[in-house]
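Student: return atomic coordinates for the entry below.
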Amino acid sequence: MLLRERYATGDNIVDAFTDQLFKGNSAAVIITEHWLTDELMQSIASENNLSETAFLVLDSAADTYEIRWFSPLTEIAFCGHATLASAFVLFKNHPDLKTIHFSAKAIGIMTVVQTDAGKIQMDFPNTKPALYDDIPENLLAGLSIAPAEVYQNSQAYFVIYNAESDVLNVTRDNDKLKQLAPLDVVVTCQSQSDAYSHYDFISRYFWPANGGDEDPVTGSIHTGLAPLWADLLGKNELVAYQASKRGGVVYCEVASDRVLISGNAVQYLTGFITLEE
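Tutor: Coordinates of the predicted model:
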């Protein structure tokens, strides 16, 4: 989305972490010369009703785009798929651009490049979770299948299952999971079946406290999932599948205190939002 005049703003909606329309995770991208008010950004994000709406303002002196992310419910500290969508729009609008620098309060400077294979690669902090023994009652009550292990970082509880079918079939009580706020819940397992043989691990992400029911594909959580599975599997380059209804593929590389997250994206919509005076 690009602010063109006082009451109209250009609208880009991009499906991220996929090379097919109607798959992956949709994000709206709004690029403005100056920041809109927090209230207006939240209203636009709520009206869009996508997992996230990203707002960008160029700091020309630093050659950096400041970025903020809003779910339909609240501002989010870190969102990978909407960062990918934002980079996709900028690369598309500026074909000679090879590298983008984003700046976010909770993350710092993020570097994004287009790879020779055409994927968009994002350089994020490593947010590896730690084993968590004191499992909250609302986490146990909120999932229909008991965890094998639980880890935690600043974003979510990481529920490890031993069976792929547990990740695919687990049901949840959103009212119970909301009580875990501000943390969300990701369930994950090593890939086991022929259907997921191209991937190292699968996951699903539940965030009733911060955005909605189940997020289709979550780039930020893979900055924790990738280093966790890198240790468990003994490899630093991994391919992950988020097994939501839409589904999406996330390419991960763990490099010390950084995690490189890559994926594809496709444009769904270009248009305008009209705002009344």
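Student: off-centre distance for stretch 141-159?
Tutor: When C-alpha coordinates are averaged (C-alpha atoms, centre = their mean, to the nearest Å), stretch 141-159 and its chain have centres 18 Å apart.
Student: what does that stretch rub up against?
Tutor: Residues from elsewhere that reach stretch 141-159, judged by C-beta atoms under 8 Å, 6 or more residues apart in numbering: 78, 127-133, 135-136, 139-140, 160-162, 166, 169-174, 176-177, 179-180, 183-188, 205, 207, 220-221, 224-225, 228. Every residue, glycine included, has its C-beta placed from N, CA and C.
Student: quick one, helices of the stretch 151-277 of the chain?
Tutor: Here the stretch 151-277 of the chain has its helices, by DSSP state H, counting those that start in this stretch, at 164-169, 174-178, 222-233.
Student: I would like the residues contacting the first one, please.
Tutor: Which is helix 164-169. By C-beta under 8 Å, 6+ apart, helix 164-169 touches 145, 161, 187-193, 196, 202-204, 243.
Student: chain center to that helix, what's the gap?
Tutor: In terms of C-alpha atoms, centre = their mean, the centre of helix 164-169 is set 21 Å apart from its chain centre.
Student: ok, the second one next?
Tutor: A distance of 20 Å separates the centroid of the chain from that of helix 174-178, by C-alpha atoms, centre = their mean.
Student: winner for burial among the helices of the stretch 151-277 of the chain?
Tutor: helix 222-233 (a mean of 22; mean count of other C-beta atoms under 10 Å).
Student: which residues are contacting it?
Tutor: The contact list for helix 222-233, computed with C-beta under 8 Å, 6+ apart, reads 80, 124-129, 151, 153, 155-156, 158, 186, 188, 190, 200-201, 203, 236, 238, 240, 250, 252-254, 259, 261.
Student: just the buried residues out of these, in ChimeraX syntax.
Tutor: Written as a ChimeraX command, the selection of buried residues from the contacts of helix 222-233, which uses 16 or more other C-beta atoms under 10 Å, is:
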select :80,124,126,127,128,129,151,153,155,156,158,186,188,190,200,201,203,236,238,240,250,252,253,254,259,261
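Student: got a ChimeraX select line for the buried ones in the contacts of helix 164-169?
Tutor: Per 16+ other C-beta under 10 Å, the buried members of the contacts of helix 164-169 correspond to this ChimeraX selection:
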select :145,161,187,188,189,190,191,196,202,203,204,243
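Student: in JSON lines, list the contacts of helix 164-169 along with pLDDT and distance to Glu52.
Tutor: Converted to JSON lines, the contacts of helix 164-169 look like this (pLDDT from 0 to 100; distance: C-beta to C-beta, whole Å):
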{"residue": "Ile145", "pLDDT": "98", "distance to Glu52": "28"}
{"residue": "Tyr161", "pLDDT": "98", "distance to Glu52": "27"}
{"residue": "Val187", "pLDDT": "98", "distance to Glu52": "21"}
{"residue": "Thr188", "pLDDT": "98", "distance to Glu52": "21"}
{"residue": "Cys189", "pLDDT": "98", "distance to Glu52": "26"}
{"residue": "Gln190", "pLDDT": "98", "distance to Glu52": "28"}
{"residue": "Ser191", "pLDDT": "97", "distance to Glu52": "27"}
{"residue": "Gln192", "pLDDT": "94", "distance to Glu52": "31"}
{"residue": "Ser193", "pLDDT": "94", "distance to Glu52": "31"}
{"residue": "Tyr196", "pLDDT": "96", "distance to Glu52": "26"}
{"residue": "Ile202", "pLDDT": "98", "distance to Glu52": "22"}
{"residue": "Ser203", "pLDDT": "98", "distance to Glu52": "18"}
{"residue": "Arg204", "pLDDT": "98", "distance to Glu52": "17"}
{"residue": "Ala243", "pLDDT": "98", "distance to Glu52": "20"}
